[in-house]
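**Student:** coords please:
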Amino acid sequence: MKIPITIYCSLCKRENTITIQLHDPSLDFTCSSCGERNEGPFDLGFTVGDRILSRAHHELYKKHDPTISIIFSAMAMECEVSWLHHKWEGIKGFVNFTQIKWAMGSKLNYTLYVYGEM
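**Tutor:** As a prediction, the model looks like this:
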């Protein structure tokens, strides 16, 4: 899937719209106004859901197609929910203890049961 994103040139600070693939880990483009080559990795927070949401934004505001924008927005939402689920399942697999004792002050003592059988 091709994703159009807006990037600013590092030299002249002008806006450039480039097209990336969904799986691209980095960008490499030449500024259309000054000719400066810009390259570098994407931020780790720029997930697949964010990329699809960027495509939905492009479809709505540049191409004026709200129908496909709604579809891409729903896809982006599903991607983010799936990503969060896998993230928390990984954390759950990493935490292999059965209880955490948490003391607040000298009089309060709480026991939280986390992911274990007692």
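**Student:** In contact with Gly40, which residues are there?
**Tutor:** 26-27 (CB atoms under 8 Å, 6 or more residues apart in numbering). C-beta here means a position set from N, CA and C on the backbone, and glycine is covered the same way.
**Student:** Could you do Cys31 as well?
**Tutor:** Cys31 neighbours (CB under 8 Å, 6+ apart): 9, 11-12, 14, 16, 37-38.
**Student:** Just give me how far stretch 18-34 sits from the chain centre.
**Tutor:** Distance, stretch centre to chain centre, for stretch 18-34: 18 Å (CA atoms, centre = their mean, to the nearest Å).
**Student:** for stretch 76-88, same thing?
**Tutor:** Using CA atoms, centre = their mean, the offset of stretch 76-88 from its chain centre is 9 Å.
**Student:** Mind listing what's buried along that stretch?
**Tutor:** Using 16 or more other CB atoms under 10 Å as the test for burial, stretch 76-88 gives 76, 79-80.
**Student:** For these, could you give me JSON lines that also reports distance to Asp43, pLDDT and secondary structure?
**Tutor:** Below are those laid out as JSON lines (distance: CB to CB, whole Å; pLDDT from 0 to 100; DSSP: H, G, I helix; E, B strand; the rest coil):
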{"residue": "Ala76", "distance to Asp43": "16", "pLDDT": "96", "secondary structure": "helix"}
{"residue": "Cys79", "distance to Asp43": "16", "pLDDT": "94", "secondary structure": "helix"}
{"residue": "Glu80", "distance to Asp43": "15", "pLDDT": "93", "secondary structure": "helix"}
